[in-house]
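>>> my questions are about this predicted structure, shown below with the sequence.
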Amino acid sequence: MPDTKAKTTDDKVIKSEEQWRRELSPMQYAVLREKATERPFTGEYEHDHRAGTYVCAGCGNVLFESDAKFDSGCGWPSFTQPAVESHIDEERDASHGMIRTEVLCSKCSGHLGHVFPDGPGPTGLRYCINSAALKLEPK
């Protein structure tokens with residue numbers, strides 16, 4: 001019988017592609033594992049204003065708090081800052097003829113979205129995140 005448990009190395013979640021496909025919805029898999037993007041204004045959390053904590057849909061890592069969420073008008077949930085800086089990794093993304101900063105979950109390396117320097121205070125950042133990469137844990 002195949003090993004269905006996730007392995008962790010230095011707090012990293014490591015799963016086979018088969019495990020990820022089994023555990024995630026098709027949209028979650030496409031976003032988190034294949035770096036896809038939801039169509040704008042279609043995500044579950046785009047207009048959700050409930051208080052709570054947003055965690056990674058792939059591994060449960062705490063990513064954003066609802067009090068950092070704002071309506072940027074871009075079509076995806078937007079946040080001014082991560083809940084815990086070390087829970088987010090950033091990488092240069094030169095795909096699609098643009099240079100952007102990709103945002104990844106530091107625990108499972110799942111693609112979350114991108115961060116842009118055009119957000120409101122206090123950080124001036126806009127973390128533009130796919131709803132499919134998140135799960136809201138209401139307060």
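All right, it came through fine.

>>> find the residue at the geometric middle of this structure.
residue 112 (2.8 Å; Cα atoms, centre = their mean).

>>> per-residue pLDDT of that residue, please?
Residue 112 carries a pLDDT value of 98.

>>> just say helix, strand or coil for it.
strand (DSSP: H, G, I helix; E, B strand; the rest coil).

>>> for residue 132, see how far away it is.
Going from residue 112 to residue 132 by Cβ to Cβ, to the nearest Å gives 10 Å. The way it works is simple: take the backbone N, C-alpha and C, and place the C-beta from them, glycine included.

>>> just residue 116 next, same as before
For residue 116, the distance to residue 132 equals 19 Å [Cβ to Cβ].

>>> neighbour count for those two, which is higher?
Between residue 116 and residue 132, counting by other Cβ atoms under 10 Å, residue 132 is the more crowded of the two (26 against 16).

>>> mind listing what that one touches?
Residues near residue 132 by Cβ atoms under 8 Å, 6 or more residues apart in numbering: 25, 27, 28, 30, 31, 32, 38, 43, 44, 57.

>>> surely residue 101 is within a strand?
Yes: assignment of residue 101 by three-state DSSP places it within a strand.

>>> sketch out the low-pLDDT regions of this structure for me.
Residue ranges of the chain with pLDDT under 70: 1-10.

>>> give me the contacts around the longest helix along the chain.
Determined from DSSP state H, the single longest helix within the chain is helix 26-34. If you take Cβ under 8 Å, 6+ apart as the criterion, helix 26-34 is touched by 17, 20-21, 24, 36-38, 56-58, 105, 108, 110-112, 130, 132-133.

>>> neighbours of residue 23, just the number please.
Neighbour tally, residue 23, other Cβ under 10 Å: 15.

>>> just the ones of the contacts of helix 26-34 in helices?
17, 20, 21.
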